[in-house]
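1. okay, predicted coordinates and the sequence, questions at the end:
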Amino acid sequence: MKLLLQTNDPTIIAFAQALLEGEGIETFVLDVHMSIFEGGIGILPRRVMVADRDHFLAAAVIADNGIERGF
């Protein structure tokens, strides 16, 4: 798995996942439950991961739609 996107904004994550799903690329979001540790204030970014083989295409899809990768 490779890091594709890192953000605090859940709407960007949902948008990116929808775009990638449309291209047949599976995603996995890490750090979803970190709000337990941060107190629910949303300061810790979530990471969207994709398979190594899909990373190049996924990065192109994200860039084509104007989504900043955040790292």
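-> The structure has been received and is ready for your questions. In this text the structure is predicted, and so the values were computed from the model without any measurement.

2. any weak-confidence spans in the chain?
-> The chain contains residues with pLDDT under 70 at 35-42.

3. how many other residues sit next to I12?
-> By the criterion of other Cβ atoms under 10 Å, I12 has 17 neighbours. Heads up, the C-betas are built off the backbone N, CA and C, glycines and all.

4. before we move on, what about T7?
-> Based on other Cβ under 10 Å, the number of other residues close to T7 is 18.

5. give the contact list for the closest residue to it other than its chain neighbours.
-> Nearest residue to T7, sequence neighbours excluded (Cβ to Cβ, 6 or more residues apart in numbering): G70, at 4.8 Å. For G70, the contact set (Cβ atoms under 8 Å, 6 or more residues apart in numbering) comprises 5-7, 45.

6. do that again at 10 Å, thanks
-> Shown in contact with G70 (Cβ atoms under 10 Å, 6 or more residues apart in numbering): 3-9, 12, 45-48.

7. good, we can wrap up now.
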